[in-house]
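Trainee: Next input, structure requested:
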Amino acid sequence: MQPIESKVLYRIYGRGMGWVFYSGDFVDEFPRNNIDKALSVLTKRGKIRRICRGMYDYPKYSELLRQELSPDFDQVARAFARKFNWRMLPSGDAALNLLGLSTQVPGRFVYLSDGPNRRYAIGNYTLEFKKTVLKDIGFQHRESGLVVQAIKALGKERINNTIIAEIRKQLDDKKCRQILADTKTVTGWIYDYLKQICREADAWTG
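Mentor: Numbering: from 1, shown residues only. Below is the predicted model:
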């Protein structure tokens, strides 16, 4: 391979399998025209995969299934957010999946964003961005929005001690304190559950 292709591939491999990217992720080091050509060559040689117009990934491979896995939906969403400079956070099933609260793989993952409504066909699923008001996505910490959206998706009637414990074990005390400070303006019943999830950190803050 030519030097630029080798260098681009080195950076891709450095991010690990599953990483999703677009040409703009490399403009800090290479001219854009050279990047586009390099990505095209790497795709033809099977080193990377084109998943939709302008988007690529370094696909994960399943030895059990003996095939490449579908692109990681959250990695794809993050790549689009970088490309278009959107603020966004996962909603509904996407939030539940990312927190391990759902083992089902839905055919559609929805993200809230401050960009326009968009829909993309990615492998076996659809990735959808829904325009929303900034207050719904304007948390300082990603985990804040993720947990809030998961609670909203479950609703009051489906949240129990098992779910609270499952979310809590994924958050250290520092992250809990950040979430509690970050979400004081959310709906009251949601904040009540956040306090239950972050009970130890809440006690620490007095």
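
Trainee: now the helices: where do they sit in this protein?
Mentor: 3-15, 32-44, 73-84, 93-98, 142-154, 161-168, 173-182, 188-197, 199-205 (DSSP state H).

Trainee: Can you say which of these is nearest to residue 122?
Mentor: helix 73-84 (5.5 Å; Cβ to Cβ). Just so you know, the C-beta spots here come from the backbone N, C-alpha and C atoms, and that holds for glycine as well.

Trainee: re earlier: can you tell which of the helices of the chain is closest to residue 58?
Mentor: With Cβ to Cβ as the yardstick, what comes closest out of those is helix 3-15 (5.1 Å).

Trainee: ok, and the closest non-adjacent residue to the most centrally placed residue in the chain?
Mentor: Nearest to the mean C-alpha position of the chain, by Cα atoms, centre = their mean, lies residue 74 at 3.0 Å. Nearest residue to residue 74 in three dimensions, chain neighbours excluded: residue 98, at 6.1 Å (Cβ to Cβ, 6 or more residues apart in numbering).

Trainee: so how far is residue 92 from the one you found?
Mentor: 11 Å (Cβ to Cβ, to the nearest Å).

Trainee: Kindly report the same for residue 85.
Mentor: Distance from residue 85 to residue 92, by Cβ to Cβ: 24 Å.

Trainee: ditto for residue 27
Mentor: Relative to residue 92, and taking Cβ to Cβ, residue 27 is found at 33 Å.

Trainee: out of these two, which sits in the busier spot?
Mentor: Set side by side, residue 27 and residue 92 show more neighbours around residue 92, with 19 against 11, by other Cβ atoms under 10 Å.

Trainee: I'd say that one and residue 149 touch.
Mentor: Yes - contact criterion Cβ atoms under 8 Å: residue 92 and residue 149 qualify, at 6.9 Å.

Trainee: how about residue 189, what does it touch?
Mentor: residue 156 (Cβ atoms under 8 Å, 6 or more residues apart in numbering).

Trainee: Do you know the pLDDT at it?
Mentor: For residue 189, the model assigns a pLDDT of 95.

Trainee: need the contact list for residue 97.
Mentor: Counting by Cβ under 8 Å, 6+ apart, residue 97 has contacts 73, 105-106, 109.

Trainee: can you check residue 49 too?
Mentor: Counted by Cβ under 8 Å, 6+ apart, residue 49 has contacts 43, 56-59, 68, 71.

Trainee: Report the separation between residue 10 and residue 101.
Mentor: Residue 10 is 37 Å from residue 101, by Cβ to Cβ.

Trainee: More neighbours: which of the two?
Mentor: Counted by other Cβ under 10 Å, residue 10 and residue 101 do not tie: residue 101 has more neighbours, with 19 against 9.

Trainee: What residues does residue 30 make contact with?
Mentor: Residue 30 touches 4, 7-8, 38, counting by Cβ under 8 Å, 6+ apart.

Trainee: Over to residue 167?
Mentor: 99, 101, 147, 150, 197.
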